[in-house]
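A.B. asks: quick check, what structure comes out for this input:
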Amino acid sequence: MVTSFIGLANVRLDGLRRAMAAVMHRVHARATAGMVAVAIAAVGLTSTAAFAQTSPSTTPAIKAASIRAVVTVPALKSIVEPLLPPGSELRVLMQPGRSEHGYEFTPSDLAAVAGADLVVYVGLNLEPRVEQAVAKPIEGRTVICFAKVAGLQRTGQPIPNTPEALGHDHHHEHDASCDHEHDEKWIDQHLWLDPMLMAKLVGPVRGAIEETLQAKSQLTTEEQQRQGAAQAALLARIQGVDDQWKASVKGFKHTTIVTHHAAFSRLADRYGLTIASVIRTIEGSEPTPGDLAKVLEAIEKHKVRAIFVEPQFNPRAAERLARQAKIGVGQLDPIGDGDWFALMQRNLDSLTTHLKGE
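C.D. replies: Residues are numbered from 1 along each chain as shown. Below is the predicted model of the structure:
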């Protein structure tokens, strides 16, 4: 009886074990399937993300045309800025109110030169540090030297206080093609004060801008048309400046003046004036009593009508000379504030006013 009961218990226990084993098998199978599903889903998500990164669904927009440009002298801004595509950056290195001679460019200025797409400078040793900075070509950067565009090269220094040495005393008519240098040894660096030389700069600047945009794949037909219109407008305005100067100064042909330093020989030569002497013969140095005595002598000898000072320099020496010679004092600004057209108008107004004795 007892033996039969134990056997029956063993049979039931074996059945219970098999049932529990079956349940555990089903649970394990389901868990494994879930893990596999999660893994497959994860792989799918990773692949989708990688495809999204390497195969965008939209075509990127063409970047708007823009150029980073640098000019050294404020007057050059009026030539470069109208030709730049909208959205461009233009930096003027020389600040208004300071002399253009011996100007100290900052590390920030030179960094701007290094990072620019277009650099326009005067040359003729006016900006030696900039010339050094652009001597080594950089891919993607275009450099324009105004003097080279004008076909000029400096070979010497002026002899002070004589009209002949300064190359001013040449009484003949000039036209747009007359850009020769009378003095073989020295070339006036202030090219921007001659409208006809400024006109020569417009075409090369436009060409450089178009080449830069082409290299960036940003030159469109619309931009070419805009630049063409801007170039034509610039040349017309420059011609207007020349015409106005010719008409206004016509009555003062061969009139003698004294200027603060040798900055206006081109202007005088273009429009038939004579510069009898300059007050400051050495850049960065105040005139000596001997210098001033020579200027006073030139004023009397050449019957000078007026002395013209510059806003970048102290006018006291000029005012003292004017009192001694009993002539007027006007102002001619060689630098300006970045608006070349306004600069030329102010200089013309000052010149004609004081030559009339008003």
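A.B. asks: which strand or helix spans the nearest residue to Asp339 once chain neighbours are set aside?
C.D. replies: For Asp339, ignoring the flanking residues on the chain, the nearest one in space by Cβ to Cβ, 6 or more residues apart in numbering is Ser78 at 6.1 Å. C-beta: built from backbone N, CA, C; applies to glycine. Of the helices and strands defined by DSSP states H and E, Ser78 is found in helix 77-80.
A.B. asks: list the helices and strands that helix packs on?
C.D. replies: strand 68-71, strand 89-92, strand 118-121, helix 195-215, helix 340-355 (3 or more Cβ pairs under 8 Å, 6 or more residues apart in numbering; DSSP states H and E).
A.B. asks: what does it rub up against?
C.D. replies: If you take Cβ atoms under 8 Å, 6 or more residues apart in numbering as the criterion, helix 77-80 is touched by 69, 71, 90, 92, 118, 120, 198, 201-202, 205, 234, 338-341.
A.B. asks: only C-alpha atoms, please: export it in PDB.
C.D. replies: C-alpha atoms of helix 77-80 as PDB (Å, rounded to 0.1, in the frame of the first residue of the first chain):
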ATOM      1  CA  LYS A  77      36.600 102.800 -51.000                       C
ATOM      2  CA  SER A  78      34.600 104.900 -53.400                       C
ATOM      3  CA  ILE A  79      36.000 102.800 -56.300                       C
ATOM      4  CA  VAL A  80      35.800  99.400 -54.800                       C
END
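A.B. asks: what comes up buried for that helix?
C.D. replies: In terms of neighbour count (16 or more other Cβ atoms under 10 Å), helix 77-80 has its buried residues at 77-80.
A.B. asks: pLDDT at the spatially closest residue to Thr352 that is not a sequence neighbour, what is it?
C.D. replies: Of all residues not flanking Thr352 in the chain, Ser248 sits nearest, at 5.3 Å (Cβ to Cβ, 6+ apart). What the model reports for Ser248 is a pLDDT of 97.
A.B. asks: against Val70, how distant is Ser248?
C.D. replies: Note on Ser248: its distance to Val70, by Cβ to Cβ, to the nearest Å, is 34 Å.
A.B. asks: now do Arg206
C.D. replies: 17 Å.
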